[in-house]
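In: this one's sequence-less:
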């Protein structure tokens, strides 16, 4: 009899990746809440979503064997609540929040590895004088206590810059912040965190360094296992991600250092029976390594890369853990030696007047078998209408590529951009 596995916000792309994992013929994957309800909705009615998911599960006529998730908020907090209700394997909500609540996470990290985190402080953007709550010197980053994809993250280099962005923060932070506050009501919070909710922000000193990597793996019965390390490449300004590339091109000694720090942190925090991915920045001039964040789940953004290099996506890890088993993830023996997710960006608001045709996408996939292309905009759309973008650019396409080495990856991506045609007009023009 097949195992019934419920996947929060399952979409066709991730269903394909799940169907490629080992023993997938023994699993039946069920969508728990529709993708559009969970990912980039206009609103997050958290308690209604949670109640709807629980109702769906209670009405299911068969056995519920597992619940998995590969998205950020709200799915990341809903899963442990639902697993607790239905007595299924999962990290606790509190352990998830120790990683995902940006202020609580920094407090825990400071206890364990103070030399490897930036200075930080929390502030209330709705206070009369919020800048007075920040003790950091300019420049610094501000970001909501809960966000994703760098949404509402701002580089602040002056008082004028801070107050320029403050109205945008105030207008938009409640969309996620209100729902996150509802999630916090389900958790047992320590006193130093209890008063800091989703409508608060964190300010962090600028981390020196340009090279960024991310160990990914899982914790099973208290033991940390690393399945791979990716590199995250940003633009020249250091504000928007251009690509994720796997495996890492960092020197081996720095990869080992990131693994050591990841293992120490996750062991001492107590995260268990969970997948994870972390993000570090390396300052090559000093060999200093600083932690950016911890995500207590697999990164579905990396799933295609792992599939290309290992032969199976990292969804296999999420499924095995959710079934109460230790994952047995394969070594790198896939179709490609390296792979990447490229995020094609446009840096100013504009009207989309042309998107790549089906014939152009076919040409890319014929020239480079295994390539996947996802167009994120439509003709007649203004880029400012895209939801949950970072504060400095717009993601217009995603290209998933495999190659024999990193240099070949970049050549293939350049060729893809030559084939795929976008055109834009000033944002003020009529469609």
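Out: Yep, it's here. Keep in mind it's a predicted model, so treat the numbers as computed, not measured. Numbering: from 1, shown residues only.
In: same for the top helix by length along the chain, what does it pack against?
Out: Longest helix in the chain by number of residues (criterion: DSSP state H): helix 159-184. Helices and strands touching helix 159-184, by 3 or more CB pairs under 8 Å, 6 or more residues apart in numbering; DSSP states H and E, are helix 46-59, helix 75-85, strand 140-144, strand 154-156. To be clear about C-beta, it is placed using only N, CA and C from the backbone, and glycine gets the same treatment.
In: what's the last one packed up against?
Out: In this structure, strand 154-156 makes packing contacts with strand 140-144, helix 159-184, judged by 3+ CB pairs under 8 Å, 6+ apart.
In: one more: the third one?
Out: For strand 140-144, the helices and strands in contact under the criterion 3+ CB pairs under 8 Å, 6+ apart are strand 154-156, helix 159-184, strand 201-205.
In: of these, flag the one that's most buried.
Out: strand 201-205 (a mean of 22; mean count of other CB atoms under 10 Å).
In: and the helices in the stretch 151-300 of the chain?
Out: Assigned by DSSP state H, counting those that start in this stretch, the stretch 151-300 of the chain shows helices spanning 159-184, 191-194, 252-269.
In: any chance of those in CSV, with distance to residue 62 and mean pLDDT too?
Out: Shown next, in CSV, are the helices of the stretch 151-300 of the chain (distance: least, CB to CB, whole Å; pLDDT from 0 to 100):
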stretch, distance to residue 62, mean pLDDT
helix 159-184, 28, 97
helix 191-194, 39, 96
helix 252-269, 34, 97
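In: got TSV for those helices, with distance to residue 388 too?
Out: Listed next are these as TSV, based on distance: least, CB to CB, whole Å:
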stretch	distance to residue 388
helix 159-184	9
helix 191-194	25
helix 252-269	27
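In: for residue 206, find the nearest of these.
Out: helix 159-184 (13.3 Å; CB to CB).
In: out of the helices of the stretch 151-300 of the chain, nearest to residue 238?
Out: Closest approach to residue 238 among the helices of the stretch 151-300 of the chain (CB to CB): helix 159-184, 15.9 Å.
In: from the middle of its chain, how far away would the longest strand along the chain be?
Out: Longest among the strand segments of the chain by residue count, using DSSP state E, is strand 223-234. Strand 223-234 has its C-alpha centroid displaced from the chain centroid by 13 Å (CA atoms, centre = their mean, to the nearest Å).
In: what packs against that strand?
Out: In terms of contacts (3+ CB pairs under 8 Å, 6+ apart), strand 223-234 is packed against strand 211-220, strand 241-246, helix 252-269, helix 303-310.
In: again, only this time at 6 Å
Out: Here strand 223-234 touches strand 211-220, strand 241-246, helix 252-269, going by 3 or more CB pairs under 6 Å, 6 or more residues apart in numbering; DSSP states H and E.
In: partners of that strand in the sheet?
Out: Looking at strand 223-234 with DSSP bridges, its partner strands are strand 211-220 (antiparallel), strand 241-246 (antiparallel).
In: what angle do the first one and helix 252-269 make?
Out: Right, strand 211-220. For strand 211-220 against helix 252-269, the angle by axes from the mean of the first three to the mean of the last three CA atoms, to 10 degrees is 40 degrees.
In: list the contacts of strand 211-220.
Out: Residues outside strand 211-220 that contact it (CB atoms under 6 Å, 6 or more residues apart in numbering): 225-232, 248, 250, 258-259, 262, 266, 271-272, 274-275, 277-282, 317, 326-327.
In: what subset of these is buried?
Out: Among the contacts of strand 211-220, those scoring as buried are 226-232, 248, 250, 258-259, 262, 266, 271-272, 274-275, 277-282, 317, 327 (criterion: 16 or more other CB atoms under 10 Å).
In: hang on, the earlier thing: make a markdown table out of the helices and strands packed on strand 223-234 and add distance to residue 375.
Out: Listed next are these as a markdown table, based on distance: least, CB to CB, whole Å:
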| stretch | distance to residue 375 |
| --- | --- |
| strand 211-220 | 26 |
| strand 241-246 | 17 |
| helix 252-269 | 34 |
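In: nearest to residue 374, out of those?
Out: The nearest among the helices and strands packed on strand 223-234, by CB to CB, is strand 241-246 at 14.2 Å.
In: how far does the closest one sit from its chain's centre?
Out: Relative to its chain's centre, strand 241-246 lies at 12 Å (CA atoms, centre = their mean).
In: for the strands paired with strand 223-234, give me TSV that also has mean neighbour count.
Out: As requested, the strands paired with strand 223-234 are exported to TSV (neighbours: other CB atoms under 10 Å):
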stretch	mean neighbour count
strand 211-220	22
strand 241-246	22
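In: make TSV from those strands and add distance to residue 426 to it.
Out: Formatted as TSV, the strands paired with strand 223-234 follow (distance: least, CB to CB, whole Å):
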stretch	distance to residue 426
strand 211-220	34
strand 241-246	24
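In: closest one to residue 176 among those strands?
Out: Among the strands paired with strand 223-234, strand 241-246 sits nearest to residue 176 (CB to CB), with 19.6 Å.
In: quick check: domain ranges of this structure?
Out: Per automatic domain parsing, the structural domains of the chain span 3-90, 119-205, 211-426.
In: can you list the low-confidence ranges for this structure?
Out: Scanning the chain for pLDDT under 70 picks out 431.
In: distance check, residue 134 against residue 201.
Out: 9 Å (CB to CB, to the nearest Å).
In: can you pull the residues that touch both of these two?
Out: By CB under 6 Å, 6+ apart, residue 134 and residue 201 have these common neighbours: residue 123.
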